[in-house]
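A.B. asks: turn this into a structure:
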Amino acid sequence: MTEFWLISAPGEKTCQQTWDKMMAATTRTNNLSTNHKFSIPDLKVGTLDVLVGLSDELAKLDSFVESVVRKVAQYMANVLEDSRDKVQENLLANGVDLVTYITRFQWDMAKYPIKQSLKNISEIISKQISQIDNDLKSRASAYNNLKGNLQNLERKNAGSLLTRSLADIVKKEDFVLDSEYLITLLAVVPKTAYVEWQKTYETLAEMVVPRSTNLLFEDSDSGLFSVTLFRKAIDDFKHKARENKFVVRDFQYNEEEMKADKEEMMRLSTDKKKQFGPLVRWLKVNFSEAFIAWIHIKALRVFVESVLRYGLPVNFQAMLLQPTKKTMKKLREVLNDLYKHLDSSAAAIIDSAMDIPGLNLSQQEYYPYVYYKIDCNLLDFKV
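C.D. replies: Have a look, this model is predicted:
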């Protein structure tokens, strides 16, 4: 399970007592969850009005940053198309796996100085993640265009003989070139009709050169035959061939065009390889940055909500619980029993605030204790 519950409860005589009580209720007898203290520094509280407004802003910022974290992770999976099992090793925060980072969370004082107001810290994060989001869009767009163009060219060189490029199949010597009167055509003949073709091709039109057909290439369904005839018989030959279910490809041998196509494919392939390394490095660095920012927002939300609910002076214990799928329901019941006495004070705050949108209670699950979910399963596929 990669789901964590980040909760907080008011300090008893000491915060350690709050922790001990929660540990006793959830692990001593029944092992409902693996628990860690979640360290939040002494942040600047500010006024109640600011906290209420910030509560709403942080909820929106939380959603936005999570969406960017998921986008970067998912794009990493798309870019590492041949090695999706390697995706997880690239999705790190500060060089460690996500579970380790969350369970050993330490506030980054350099990135988010706690002398700044809560609003300033949230604005720093908002600007930082908006920049990552914009950069991702432009980098992804450039790489996707390159990849798409390369795939289109690769598609042209694969598939059925009826549609694929013939440039890498035919050779100069297969054609009568630079003749005023003669031309070589290429016909796609079903394998079941080879005998029929050999019998009839010379009579499909007048002026077909006898014994001029050669099998140049075949795939699982058809063969590509060359045939030489006089130019004036082209339309008649094509028409009769179609009646016999032989498809004449619209192809003219042009060495310069074929060379240009090959060079374009080489160029795109080289460009893709050149961009791949720096792009993966950028994704790795910025995934880490975005994920770290996301967990700092969770910490901010816990701090703001705890002050709004439990009052001043600041006295609460933030705790990180990792339940298992089987124990979730029971854990929720145990926590509700443990903290239901907080409900009346929480209700009083809500009543006096007259359902201030900042408390954001209607949009999310509401419990007598502060609760936020952190889901580390960031990808659509299982890695």
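A.B. asks: and Lys171, how many neighbours?
C.D. replies: 8 (other C-beta atoms under 10 Å). Every residue, glycine included, has its C-beta placed from N, CA and C.
A.B. asks: longest helix of this protein?
C.D. replies: helix 255-310 (DSSP state H).
A.B. asks: elements contacting that one?
C.D. replies: Packing contacts for helix 255-310, counted by 3 or more C-beta pairs under 8 Å, 6 or more residues apart in numbering; DSSP states H and E, involve strand 3-10, helix 48-79, helix 87-90, helix 98-103, helix 118-156, strand 316-323, helix 343-352, strand 370-375.
A.B. asks: switch to 7 Å and redo it
C.D. replies: strand 3-10, helix 48-79, helix 118-156, strand 316-323, helix 343-352, strand 370-375 (3 or more C-beta pairs under 7 Å, 6 or more residues apart in numbering; DSSP states H and E).
A.B. asks: mind listing what the following helix or strand past the longest one pairs with, with the direction of each?
C.D. replies: So that's helix 118-156. Downstream of helix 118-156, the next assigned helix or strand under DSSP states H and E is strand 182-190. Counting by DSSP bridges, the strands paired with strand 182-190 are strand 222-230 (antiparallel), strand 247-249 (antiparallel).
A.B. asks: quick one on the thing from earlier: is it possible to export the helices and strands packed on helix 255-310 to a markdown table including mean neighbour count and distance to Arg281?
C.D. replies: Output for these, formatted as a markdown table (neighbours: other C-beta atoms under 10 Å; distance: least, C-beta to C-beta, whole Å):
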| stretch | mean neighbour count | distance to Arg281 |
| --- | --- | --- |
| strand 3-10 | 22 | 28 |
| helix 48-79 | 19 | 11 |
| helix 118-156 | 15 | 11 |
| strand 316-323 | 22 | 30 |
| helix 343-352 | 13 | 46 |
| strand 370-375 | 17 | 26 |
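A.B. asks: and of the ones you listed, who's closest to Glu333?
C.D. replies: strand 316-323 (11.8 Å; C-beta to C-beta).
A.B. asks: could you give me the average pLDDT of the helix or strand following that closest one?
C.D. replies: Using DSSP H and E, the helix or strand that follows strand 316-323 in sequence is helix 328-339. Helix 328-339 shows a mean pLDDT of 91 in the predicted model.
A.B. asks: quick check, central residue of the chain?
C.D. replies: In the chain, the centroid-proximal residue (C-alpha atoms, centre = their mean) is Gln74; its distance is 1.6 Å.
A.B. asks: what pLDDT does the residue nearest to that residue when sequence neighbours are not counted get?
C.D. replies: Using C-beta to C-beta, 6 or more residues apart in numbering and skipping the chain neighbours, the partner closest in space to Gln74 is Leu379 (6.2 Å). Here, the pLDDT recorded for Leu379 equals 79.
A.B. asks: Leu379 looks like it's in a helix, true?
C.D. replies: No. Counting by DSSP: H, G, I helix; E, B strand; the rest coil, Leu379 is not part of a helix but coil.
A.B. asks: what residues are up against the closest residue in space to Phe287 that isn't next to it in sequence?
C.D. replies: Distances taken as C-beta to C-beta, 6+ apart place Val72 nearest to Phe287, at 4.6 Å, with adjacent residues excluded. Each residue near Val72 by C-beta atoms under 7 Å, 6 or more residues apart in numbering is listed here: 136, 283, 286-287, 290.
A.B. asks: so Val72 versus Gly11, what's the distance?
C.D. replies: 37 Å (C-beta to C-beta, to the nearest Å).
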